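Engineer: predicted model and sequence below, questions to follow.
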Amino acid sequence: LDGHGKKGHVVSGALKAFLPDLIEEQLAQLANACSGDIGSALCEAFRATDSVLRQNRVGQVARASGAAALAAIVERGNKWTVHVACAGD
């Protein structure tokens, strides 16, 4: 996570608070559904985080600031697979 702007630390702090749980929630839904893919689950977690930040009015507190985030999940098996998602602002 990398905040930018005068209040970037507020945005990155909020991401730190919400994004991991939302990723975990999306992966749990994926496991329960027995279908879908990890990449889509990561993307949906990022979308959900954006909604949570808006609901918590982080944007109003941190006007003209933002953050960049990167998440990766590594699957180990016969071959290694890395699923990556990133978003910014």
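Structural biologist: Thanks, I have it. In this text, all values refer to a predicted model and were calculated from it rather than measured experimentally.
Engineer: quick one: pLDDT of S35?
Structural biologist: Each residue has a pLDDT score; the one for S35 is 69.
Engineer: how about low-confidence regions in the protein?
Structural biologist: Within the chain, the segments meeting pLDDT under 70 span 35.
Engineer: show me what the lengthiest helix in it packs onto, helices and strands only.
Structural biologist: If you go by DSSP state H, the chain has its longest helix at helix 8-33. Under the contact criterion of 3 or more Cβ pairs under 8 Å, 6 or more residues apart in numbering; DSSP states H and E, helix 8-33 touches strand 2-4, helix 38-55, helix 58-61, strand 66-75. No exception for glycine: its C-beta is placed from N, CA and C like everyone else's.
Engineer: and these: which comes nearest G88?
Structural biologist: Closest of the helices and strands packed on helix 8-33 to G88 is strand 66-75, at 3.9 Å (criterion: Cβ to Cβ).
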